[in-house]
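*Asks:* okay, predicted coordinates and the sequence, questions at the end:
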Amino acid sequence: DSGVTQTPKHLITATGQRVTLRCSPRSGDLSVYWYQQSLDQGLQFLIQYYNGEERAKGNILERFSAQQFPDLHSELNLSSLELGDSALYFCASSARGGGNTEAFFGQGTRLTVV
Amino acid sequence: GIQVEQSPPDLILQEGANSTLRCNFSDSVNNLQWFHQNPWGQLINLFYIPSGTKQNGRLSATTVATERYSLLYISSSQTTDSGVYFCAVDRGYGETSGSRLTFGEGTQLTVNP
């Protein structure tokens, strides 16, 4: 158990809908990251938050947004869902905001868009 | 951006065999991690090893940062070692510039009984 908790584990929804994925980081970790794993793109970085503020941004679609709350949990919102958004979405956390810090991953949320 | 290449892409072993997985990266890094993705999709941390050598049971890893590669050794493999092994790196420009792991495409390991 990495200590990073993601909910839900599985999600099935229809095209055009909006969903929210939730992540609780390891105790004491200030950074939260979101990654997407799809068959054609592999594992890709989406966005990082550090202590409530956006710290780094990857190839995150405009239809996707994230935030980190004062209690440090994070949510990833996916809207106007398309079939191609079906993927495994991981949350990770680390103690610090820079690159020289080990990241720990949650079990992932498997999103299926039908 | 930084490129990460893993080899071999696929590896099939008999239980008890040893193996070496390789990760090459295109630029200097301050973070390198090895992960095992099990058949249920979970990403399990194996090593945080931006440089040097570490060992954990039957697994060990070596990163030669100056030559931009890392090796993961699996000895006396077991069927439970099956899954995908990922190498991920971060260039990292400092605490305030953020962090992002760039993953290789992985090595699919199958260990047969």
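*Replies:* Thanks, I have it. Owing to the predicted nature of the structure, the values given are computational and were not obtained by experimental measurement.
*Asks:* okay, now whichever residue of chain B sits closest to chain A: neighbour count?
*Replies:* Across chain B, the shortest distance to chain A (CB to the nearest CB) belongs to B:Gly92, at 1.8 Å. Heads up, the C-betas are built off the backbone N, CA and C, glycines and all. B:Gly92: 20 surrounding residues under other CB atoms under 10 Å in any protein chain shown.
*Asks:* got it, and A:Gly28?
*Replies:* 9.
*Asks:* residues in contact with the nearest residue to it once chain neighbours are set aside?
*Replies:* Excluding the flanking residues, the one nearest A:Gly28 by CB to CB, 6 or more residues apart in numbering or on different chains is A:Ala95, at 6.5 Å. A:Ala95 makes contacts with A:28-31, A:101-102, as judged by CB atoms under 8 Å, 6 or more residues apart in numbering or on different chains.
*Asks:* inside strands: which ones of the residues you listed?
*Replies:* A:Ser31 (DSSP state E).
*Asks:* tell me the secondary structure at the most far-flung residue of chain B relative to its centre.
*Replies:* Centroid-distance maximum for chain B: B:Thr96 at 26.3 Å, with CA atoms, centre = their mean. When classified by DSSP: H, G, I helix; E, B strand; the rest coil, B:Thr96 comes out as helix.
*Asks:* which residue packs closest to it, ignoring adjacent ones?
*Replies:* A:Gly97 is the one closest to B:Thr96 (CB to CB, 6+ apart), at 6.9 Å.
*Asks:* neighbours of the one you found, how many?
*Replies:* So A:Gly97, with other CB under 10 Å, has 21 neighbours.
*Asks:* check it and give its pLDDT.
*Replies:* For A:Gly97, the model assigns a pLDDT of 82.
*Asks:* in chain A, which residue sits nearest chain B?
*Replies:* A:Gly99 (1.8 Å).
*Asks:* got the contact list for that residue?
*Replies:* B:29-31, B:90-94, B:97-100.
*Asks:* 10 Å instead?
*Replies:* A:56, B:29-31, B:50, B:89-95, B:97-101 (CB atoms under 10 Å, 6 or more residues apart in numbering or on different chains).
*Asks:* out of these, which sit inside strands?
*Replies:* A:56, B:31, B:89-90.
*Asks:* columns distance to A:Gln44, pLDDT and neighbour count on top of those, output as a markdown table?
*Replies:* Output for these, formatted as a markdown table (distance: CB to CB, whole Å; pLDDT from 0 to 100; neighbours: other CB atoms under 10 Å in any protein chain shown):
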| residue | distance to A:Gln44 | pLDDT | neighbour count |
| --- | --- | --- | --- |
| A:Ala56 | 13 | 92 | 20 |
| B:Asn31 | 17 | 93 | 23 |
| B:Val89 | 14 | 97 | 28 |
| B:Asp90 | 14 | 94 | 24 |
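*Asks:* show me which pair in those is furthest apart.
*Replies:* A:Ala56 and B:Val89 (14.6 Å; CB to CB).
*Asks:* tell me the SS of the spatially most central residue of chain A?
*Replies:* For chain A, A:Trp34 is the residue whose C-alpha lies nearest the centre (CA atoms, centre = their mean; 3.0 Å). Here A:Trp34 is recorded as strand under three-state DSSP.
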